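Undergrad: Predicted coordinates and the sequence they were generated for:
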Amino acid sequence: MSEDARFEDGGEAPLRLMAYDAEDLAVISALAQDAVFPATEMRWQPARRRFAALINRFRWEDVEQAARRRRPVERTQSLLVVSDVEKVQTQGVDPSEKDLVMSLLSVSFEPGEDGTGRVILTLAGDGAIALAVEALDVVLQDVTRPYVAPSRHTPRHPE
């Protein structure tokens, strides 16, 4: 019988990070790397100018502690929310494909004029989601307790 991990096991609270500049966004990108999510868990709300995705985030911040305690690595469900979104474009992604599961490689910002720019969600397999924003405003927030990663392995990126 397997048992789900608990926040108490790691002695950590759920993450809630905000990014208002590229440096902050780099931290969110590192912690969201290798998150997986189905296309059905993405939403763009034009009236609210918000794009959100419910992602299954690999808990990079817990890898060393998992190894020390000789327990499996973990994932948690998190919301990745981008505000002030004016337009969404996709490449190599069909949001209507219900069985499509995407893997997030990075979240970056391409600045424009006067604080505007594009938040780019780069996906495995040459996919991307580009969000034209009026200003950089990104939140990553854990919304479930950690659970044992189904693969029980740390994602690897061989060169």
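TA: Structure's in. What do you need? Small disclaimer: the values here were computed from a predicted structure and weren't measured. Numbering: from 1, shown residues only.
Undergrad: Which residues are in contact with the one residue sitting closest to the centre of the chain?
TA: Taking C-alpha atoms, centre = their mean, the centroid of the chain lies closest to residue 32, which sits 3.8 Å from it. By C-beta atoms under 8 Å, 6 or more residues apart in numbering, the residues touching residue 32 are 55, 57, 78, 80, 104, 107, 140. Using the backbone N, CA and C atoms, a C-beta is placed for each residue, glycine as well.
Undergrad: Please repeat the previous calculation with a cut-off of 6 Å.
TA: 57, 104, 107, 140 (C-beta atoms under 6 Å, 6 or more residues apart in numbering).
Undergrad: Now rank the residues you listed by neighbours and give me the top one.
TA: Neighbour tally across the contacts of residue 32 (other C-beta atoms under 10 Å): the maximum, 28 neighbours, falls on residue 57.
Undergrad: what does stretch 125-144 contact?
TA: 14-20, 25, 28, 32, 51, 76-93, 109, 115-116, 118-122.
Undergrad: now these: which count as buried?
TA: Those of those that meet the buried threshold are 15, 17, 19, 25, 28, 32, 51, 76-85, 88, 93, 109, 118-122, by 16 or more other C-beta atoms under 10 Å.
Undergrad: what about residue 23, how many neighbours?
TA: Residues near residue 23, counting by other C-beta under 10 Å: 9.
Undergrad: ok but it is inside a strand, no?
TA: No. Judged by DSSP: H, G, I helix; E, B strand; the rest coil, residue 23 forms no part of a strand; its state is helix.
Undergrad: Who are the contact partners of residue 49?
TA: So residue 49 contacts 84-85 (C-beta under 6 Å, 6+ apart).
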